[in-house]
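Trainee: Fold the stuff below for me.
(one chain, ligands or ions: 1)
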Amino acid sequence: MVTFLAGGTGTPKLLAGADDVFSPEETTVVANTGDDVELSGHVICPDLDTVLFLGGGDLDRETWWGRDGDTAETHDELHRLADAAGLEDGPRYLAGEKQTAGREIARWRRFSGVAEFMRIGDRDRAVHLTRTSLLDEGQSLTAVTRVLADAFGLDRTLLPMSDDPVATLIDTPSGTMHFQEWWVGRNGEPPVGAVEFRGAAAAEATASVLTALDEPVVIGPSNPVTSIGPMAAIDGIERALHETTVVAVSPFVGDEVFSGPAAELMAGTGVEPSTAGVAASYPFADAFVLDESDPTDLDRPIVRTDTTLADAADSDRVARAVDRALEAA
Ligand code: FO1
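Mentor: Numbers count the residues shown, from 1 in each chain. Model prediction:
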């Protein structure tokens, strides 16, 4: 058994063609939930859903979020209506007292659906509605994720990092905002200062996550700050990572990032945006997979390969390197 930590697109891209090396039946994926928001009344879990749709053969591979070929008629109509009603565009946070009313919720991740600031596909929305309804019926996020995983025919075990809410908040010169406001609402533009994982100190790793972390762990080329950071910020998870074997794939070649906001987030939080910075962010990692042209040397074992992840053959190659790194760790 092997457990992958997933956030953003890095680990899903590694999993996309890794089945011959890491059979889905023997793989658990623990997904970041720091990116989750409540928008238009829906609990949206982007990092869980990317793995869910990938496993169900229904992921939009252009964006690596949302469902393949989805329409967005409800979303488009929300914008048309807001325009017609003269309502200002979002992100529109609900008022302070509404942030924590109702289901247990981390502060400042709850948004109005007026001029919905994230594009929610119609079939995607059905997933969020089902999730939210089951949560409101009293099920835990872990239990709801199992129900959805069964509906999508997943062979992998998929777990949220915690059943407790955590919200990744970004400090910028324009104020503190939720990760999704910064990334989707403002195109990742206000410069990043500190990053806070609100709720993480009180959040607990579930028993299923702790059991999964008894196995060797693989951290794909996800961004260490907002994809993996919320998981490492939960005490029980951090302790478990120090105790088990961990292999991490760098999302950088030296100081060049493959994609996404990792470099801005690392620089903003005082970590060198490079493979060396990734290694410093993962003191619990026992070995690394680096690109063959990455000049970085580390104090831990390194396996090198071409770490480009553009298609299934790439994922297979990188997965084989991960397997060798697990042996070297
Ligand atoms: N990313 C965008 O850049 N724009 C969107 O409108 C958007 C909508 C969206 C809806 C559901 C979902 O699960 C993910 C969505 N994402 C969107 C992706 C998301 O913002 C991030 O890429 C992840 O949180 C990072 O893992």
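
Trainee: Alongside the ligand, which residues does the stretch 151-300 of the chain contribute?
Mentor: Neighbours of the ligand within the stretch 151-300 of the chain, by CB under 6 Å from any ligand atom: 180, 183-184. C-betas here are computed from N, CA, C, even on glycine.

Trainee: Might one say that Arg125 is in contact with Thr74?
Mentor: Yes: under the criterion of CB atoms under 8 Å, Arg125 makes contact with Thr74 at 6.2 Å.

Trainee: So, low pLDDT: which residues of the stretch 1-150 of the chain?
Mentor: Applying pLDDT under 70 to the stretch 1-150 of the chain flags residues 100-106.

Trainee: the helices in the stretch 1-150 of the chain, which residues?
Mentor: For the stretch 1-150 of the chain, the helices defined by DSSP state H, counting those that start in this stretch cover 10-15, 46-55, 73-84, 96-99, 122-136, 141-151.

Trainee: Need those helices in JSON lines (columns: mean neighbour count).
Mentor: Shown next, in JSON lines, are those (neighbours: other CB atoms under 10 Å):
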{"stretch": "helix 10-15", "mean neighbour count": "27"}
{"stretch": "helix 46-55", "mean neighbour count": "25"}
{"stretch": "helix 73-84", "mean neighbour count": "14"}
{"stretch": "helix 96-99", "mean neighbour count": "11"}
{"stretch": "helix 122-136", "mean neighbour count": "17"}
{"stretch": "helix 141-151", "mean neighbour count": "17"}
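
Trainee: For my notes, please list those in JSON lines and give distance to Ala313 for each entry.
Mentor: Shown next, in JSON lines, are those (distance: least, CB to CB, whole Å):
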{"stretch": "helix 10-15", "distance to Ala313": "12"}
{"stretch": "helix 46-55", "distance to Ala313": "17"}
{"stretch": "helix 73-84", "distance to Ala313": "35"}
{"stretch": "helix 96-99", "distance to Ala313": "46"}
{"stretch": "helix 122-136", "distance to Ala313": "29"}
{"stretch": "helix 141-151", "distance to Ala313": "27"}
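
Trainee: Which one of the ones you listed lies nearest to Ser222?
Mentor: For Ser222, the closest of the helices of the stretch 1-150 of the chain is helix 10-15, at 3.6 Å, according to CB to CB.
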